[in-house]
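> mind looking at a prediction? Sequence and model below.
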Amino acid sequence: MTASSGLNRDASKTAVLRVDGAVPSPRAGQLDPSRSRRLRRRRLKIAAVLVCAVLLLVAAFVILRSNSAHADSEFVYATVQRSDLAITVTERGTIESQNNVDILCEVEDVPGDGINGTPILWIVDNGISVKKGDLLVELDAAPHQERLDSQVLSTELARSIAIQARVNYENRKSRNETSEAKARLDVELADLALRQYEDEHGGTYQIELQNIELSIQEQEAQKAIDDRNLVGMEYLFELGYKSSGDLAQARLNALRAKSGLKRQNARRRELTVYDYRKKRLVLEGAVETARRSLEQVVVENAALLEQAEAWKESSELSLKREEERLSRYREQLGKCKIYSPQNGMVAYYVEGGRRGGQSTLIKAGTAVRERQPLMSIPDLSRMRVKTAVHESVVDRVRPGLEATIRLDAFPDRIYQGTVESVAVLPDPGNWLSSDTKVYETIVTIDQEVEQLKPGMTAVVEIHMNYLANVLCIPVQAIVQRRDASWCYVAERGQLRRQDVVLGQTNDKFVEIREGLKEGDQLVLNPSAVVEEGPEQQQAISPEAKNADAETMEITRQDGDSAQSAR
């Protein structure tokens, strides 16, 4: 409007000049100089107006473009390109020794000494380096030495009793064998006497019976002789050849023979009817008695042997207990001096947790109890890092993965490590919110180290995967809401929202599986884009809905600064 109005004003002025005749009419074929100057000035004014109009049109176009989107100066762009992507997770942790040996007090309290525990006589200074075999702690050994001396006497007494019991046991076995052999011999002799008496072919009974039969036969023969002599003597007496004395002697001899025959018959009856039965009963009783005596001897011998064996075993067990106690007391005396089990650094153990912030200090003169921690000896040549990984990536962190370790104390050093273990359960002492779970992870430093101290802060970068020649973009270019992931693409001077399907990610870049192509221009600061209303947002693609939840969680954390503004 300004350019056209100026143009009309110039035209009206020109017309007025012409009507008034202020400019003299030139002659035919000639140009008035004043008129020529006016025409030049008019042309210059027209050209200036045209230039102003063009400038106004350009300014209007810029203003209109700035109203359709934010000014280009507010955006930072990046180009989508293919590259190799190292999938890592970076966490902070603390340095500790791979081989950390705890030094405990292994000396028990001696009862009755009036001291609760064992006093420390000398202890090595805290924080100094020691070598294997160096003396660390010396405890008071006097009560233990006295107890050991008393136990030596008790052990020797128990050994003496054990020797007596062992000798008694051996003697009892010998006596048992002798008495049992004698009892068995008595049984055999009794049985043999019975068989000897009853033997039909030459036993004692048969011999006695045959002797009696022989005596009977002799008596019968003698009786027959004496009877014939008596008859002859009577005949001769009647004839007067023999005297009455001879007749009386003959009658006496015949009477003796008859009486002897009767005695032998009575003896045979006594032998066969009474003596045989009596003798047989006596011999059989002797056999049974000998057998019962043998059984009794066997039982008594077994009981006596068991008693001797029990005494021997109890005395040996008592001796064994005394010897074990003696050995334990000697070990306790030896444990009063504690030596370093390995090379390392001395770190006193401080027992906290008491009310008022009090703690038990390890120092000379302090009485320590059995199993009480005194110090630890970490091996400073072999160290590891204790860290924790987020639950979103814990399933991809496994033992054996390589890692890179950097220390805040030595930023110029880089150490190579290996994942040693990943906890199965989340850390119960996690200081993060209850909705976030982390899992304790141990990463060992592969090489020997120097000048590293336990407790130093380290940054661990665990290498989980390596993707070659993939589309990847910076994580700050991604916007995520619920299950949707998108970015803003610059195209022909306009910004376009583009849904994407994410792949694996690290702390800086994320893999793009669908939605973008190589060469696309992305906005790295999507928070500068005017937030779209629900009616302007595009529908979420199925691929975005199925995006990896773990990857979106990592990207959400890494792109927190971009999302907080939105």
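Nice, thanks for sending it over.
> could you give the number of residues near Tyr349?
Tyr349 has 14 neighbours, counted by other CB atoms under 10 Å. All C-beta atoms are positioned from the backbone trio N, CA, C, and that covers glycine.
> spit out the contact partners of the nearest residue to it once chain neighbours are set aside.
Spatial nearest neighbour of Tyr349, excluding adjacent residues (CB to CB, 6 or more residues apart in numbering): Pro373 at 4.1 Å. Residues near Pro373 by CB atoms under 8 Å, 6 or more residues apart in numbering: Asp102, Ile103, Leu104, Cys105, Tyr349, Glu351.
> can you say which of these are buried?
Buried subset of the contacts of Pro373 (neighbour count, 16 or more other CB atoms under 10 Å): Ile103, Leu104, Cys105.
> hmm, back to that, tabulate the contacts of Pro373 (a markdown table), appending secondary structure.
Converted to a markdown table, the contacts of Pro373 look like this (DSSP: H, G, I helix; E, B strand; the rest coil):
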| residue | secondary structure |
| --- | --- |
| Asp102 | strand |
| Ile103 | strand |
| Leu104 | strand |
| Cys105 | coil |
| Tyr349 | coil |
| Glu351 | strand |
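> could you dump these to TSV with distance to Leu304 and pLDDT?
Formatted as TSV, the contacts of Pro373 follow (distance: CB to CB, whole Å; pLDDT from 0 to 100):
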residue	distance to Leu304	pLDDT
Asp102	56	92
Ile103	56	93
Leu104	51	93
Cys105	51	94
Tyr349	60	87
Glu351	60	66
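> can you give the contact residues for stretch 301-309?
Stretch 301-309 has contacts (CB under 8 Å, 6+ apart) with Ala165, Asn168, Tyr169, Asn171, Arg172, Lys173, Arg175, Asn176, Ser179, Glu180.
> so which of these is the closest to Leu380?
Nearest to Leu380 among the contacts of stretch 301-309: Ala165, at 57.4 Å, using CB to CB.
> pretty sure that closest one sits against Ser318.
No: Ala165 is not in contact with Ser318 according to CB atoms under 8 Å; the separation is 9.5 Å.
> ok, back up a step: residues in a beta bridge with the residue nearest to Tyr349, which ones?
For Pro373, the beta-bridge partners are Leu104 (DSSP bridges).
> next one: Val459
Assessed by DSSP bridges, Val459 has beta-bridge partners Arg92, Arg406.
> count the residues that sit near it.
16.
> and the strands in the stretch 251-400 of the chain?
For the stretch 251-400 of the chain, the strands defined by DSSP state E, counting those that start in this stretch occupy 337-339, 344-345, 347-348, 367-368, 373-378, 383-390.
> mind putting these into TSV with distance to Gly203?
TSV is the format used below for those (distance: least, CB to CB, whole Å):
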stretch	distance to Gly203
strand 337-339	88
strand 344-345	98
strand 347-348	101
strand 367-368	92
strand 373-378	93
strand 383-390	101
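> these: which one's closest to Leu524?
Closest among these, using CB to CB: strand 383-390, at 24.3 Å.
> buried sites along the closest one?
By 16+ other CB under 10 Å, the buried positions in strand 383-390 come out as Met383, Arg384, Val385, Thr387, Ala388, Val389, His390.
> and of those, the nearest to Arg267?
Nearest to Arg267 among these, counting by CB to CB, is Arg384 at 115.4 Å.
> going by distance to Leu283, which of the buried residues of strand 383-390 wins?
Ranked by distance to Leu283 (CB to CB), these are led by Arg384 at 95.1 Å.
> quick revisit: now for the contacts of Pro373: which two are most distant?
Spatial extent of the contacts of Pro373 (CB to CB) is set by the pair Ile103 and Glu351 at 13.9 Å.
> of the buried ones among the contacts of Pro373, just say which sits nearest to Gln521.
Lowest distance from Gln521 to those (CB to CB) belongs to Ile103, with 64.0 Å.
> ok so, going back, in JSON lines, list the buried ones among the contacts of Pro373 along with distance to Gln219.
Listed next are the buried ones among the contacts of Pro373 as JSON lines, based on distance: CB to CB, whole Å:
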{"residue": "Ile103", "distance to Gln219": "114"}
{"residue": "Leu104", "distance to Gln219": "110"}
{"residue": "Cys105", "distance to Gln219": "110"}
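> that older thread, more neighbours, Ala165 and Ser318?
Applying other CB under 10 Å to Ala165 and Ser318 shows that Ala165 carries more neighbours, namely 21 against 18.
> work out for me the element that one sits within.
helix 142-198 (DSSP states H and E).
> show me what that helix is packed up against.
Under the contact definition 3 or more CB pairs under 8 Å, 6 or more residues apart in numbering; DSSP states H and E, helix 142-198 sits against helix 204-239, helix 276-334.
> tell me the angle the last one makes with helix 142-198.
What separates the directions of helix 276-334 and helix 142-198 is an angle of 170 degrees, with axes from the mean of the first three to the mean of the last three CA atoms, to 10 degrees.
> picking that back up, which one of the helices and strands packed on helix 142-198 lies nearest to Glu138?
helix 276-334 (11.8 Å).
> need the contact list for the closest residue to Thr289 other than its chain neighbours.
Using CB to CB, 6+ apart and skipping residues adjacent in sequence, the residue nearest Thr289 is Ala190, 7.3 Å away. For Ala190, the contact set (CB under 8 Å, 6+ apart) comprises Leu283, Ala286, Val287, Thr289, Ala290.
> the first one: neighbour count?
What it means is Leu283. If you count neighbours by other CB under 10 Å, Leu283 ends up with 20.
> for it, what are its contacts?
Ala190, Ala193, Leu194, Tyr197.
> what does Thr387 give?
Residues near Thr387 by CB under 8 Å, 6+ apart: Glu91, Arg92, Gly93, Thr94, Glu440, Thr441, Ile442, Val443, Ala458, Val460.
> compare these and tell me which is most surrounded.
Neighbour tally across the contacts of Thr387 (other CB under 10 Å): the maximum, 29 neighbours, falls on Val443.
> please, which helix or strand holds that residue?
Using DSSP H and E, Val443 sits within strand 438-445.
> who are the contact partners of the nearest residue to Tyr329 once chain neighbours are set aside?
Distance criterion CB to CB, 6+ apart; nearest residue to Tyr329, sequence neighbours excluded, is Leu148 at 4.4 Å. Taking CB under 8 Å, 6+ apart as the contact definition, Leu148 lies against Leu326, Tyr329, Arg330, Leu333.
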